[in-house]
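Undergrad: the following block contains a protein sequence and its predicted model.
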Amino acid sequence: MTPAIGLFYGSSTCYTEIAGEKIRDCLQQLTGRACVNIFNIAETPVTAMADYDFLILGIPTWDYGELQEDWENAWADLETIDFHGKTVALFGMGDQLGYPDWFQDALGYLWAVVVNGGAMVVGSWPAEGYQFNESRALSADGSRFVGLCLDDENEFDLTEDRIDRWCRQVLEESGFSVDSDDD
């Protein structure tokens with residue numbers, strides 16, 4: 001059986017890769033089966049997302065709200081993907097204290113592309129408890145991020161719990177079966 005979830009990430013310093021692996025492991029532990037294929041977009045074209053109806057996309061924000069280089073290189077291809085009929089969950093890496101005016105901006109850019117492409121996005125995350133000034137990844141009312149926000153630079157000790165709670169939330173919101181092999 002082919003895994004039902006495609007997890008795609010870009011990572012220059014391995015933090016987004018490690019978070020993606022933790023998310024994969026958590027989802028597989030929660031579902032009791034190998035349900036996630038994981039891809040580094042530096043090695044796999046983003047057009048491979050077309051093979052999955054359920055996607056998890058991971059992106060770090062660099063410096064002053066910039067895209068990570070692998071995402072930047074793939075951005076034109078990403079904008080051509082038809083996300084209609086796809087469920088997408090997003091996670092981002094950022095540094096809220098070092099770059100408080102651009103915290104998780106790349107996550108917001110990625111969200112806009114998948115929403116404009118027709119995706120149903122699940123997994124919004126509470127903004128409460130973070131310390132930042134601005135973010136393009138906030139909901140219109142500012143109460144939630146458009147996906148899971150991780151800050152391993154300043155809050156590494158919160159990452160495991162956040163991933164666990166978010167994975168449970170994503171499975172519930174997407175209606176992903178946790179007890180059968182037919183997904």
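TA: Now that the structure is in, tell me what you want to look at.
Undergrad: torsion angles phi and psi at the closest residue to D95 other than its chain neighbours?
TA: Closest residue to D95 apart from its sequence neighbours, by Cβ to Cβ, 6 or more residues apart in numbering: E153 at 4.4 Å. C-beta coordinates here come from the backbone N, C-alpha and C atoms, glycine included. E153 adopts backbone torsions of phi -70, psi -40, taken as degrees, to the nearest 10.
Undergrad: quick check: neighbours of the longest strand along the chain in the sheet, parallel or antiparallel?
TA: Counting residues, the longest strand found in the chain (DSSP state E) is strand 54-62. Looking at strand 54-62 with DSSP bridges, its partner strands are strand 5-9 (parallel), strand 66-67 (antiparallel), strand 87-93 (parallel).
Undergrad: surely S135 meets F103?
TA: Yes. Counting by Cβ atoms under 8 Å, F103 is a contact partner of S135 at 4.6 Å.
Undergrad: neighbour count for the two, which is higher?
TA: The residue with more neighbours, out of S135 and F103, is F103; 29 against 26, by other Cβ atoms under 10 Å.
Undergrad: spatially, what comes nearest to the more buried one if we skip its sequence neighbours?
TA: Nearest to F103 is F132, by Cβ to Cβ, 6+ apart, at 3.8 Å.
Undergrad: is it true that F132 touches D105?
TA: No. Counting by Cβ under 8 Å, D105 is not a contact partner of F132; they are 10.3 Å apart.
Undergrad: model confidence score at the closest residue to G147 other than its chain neighbours, please.
TA: Nearest non-adjacent residue to G147, counting by Cβ to Cβ, 6+ apart: L90, 3.1 Å away. Here, the pLDDT recorded for L90 equals 98.
Undergrad: contacts only, for L90.
TA: 56-59, 107, 110-111, 114, 121, 123, 146-148 (Cβ atoms under 8 Å, 6 or more residues apart in numbering).
Undergrad: distance of it from G98?
TA: 21 Å (Cβ to Cβ, to the nearest Å).
Undergrad: so after the lowest-mean-pLDDT helix or strand in the chain, what's the next helix or strand?
TA: Within the chain, confidence by mean pLDDT, DSSP states H and E is lowest for strand 66-67 among all helices and strands, at a mean of 90. Remark: after strand 66-67, the chain's next helix or strand is helix 69-78, criterion DSSP states H and E.
Undergrad: packing partners of that next one?
TA: helix 105-116 (3 or more Cβ pairs under 8 Å, 6 or more residues apart in numbering; DSSP states H and E).
Undergrad: about what we covered before: gap between the residue nearest to G147 and A19?
TA: L90 is 12 Å from A19, where distance means Cβ to Cβ.
Undergrad: overlap in contacts, the two.
TA: By Cβ under 8 Å, 6+ apart, the residues touching both L90 and A19 are G58.
Undergrad: how far off centre is the helix or strand hosting L27?
TA: L27 belongs to helix 15-31 when assigned by DSSP H and E. Distance of helix 15-31 from its chain centroid, counting by Cα atoms, centre = their mean, to the nearest Å, is 11 Å.
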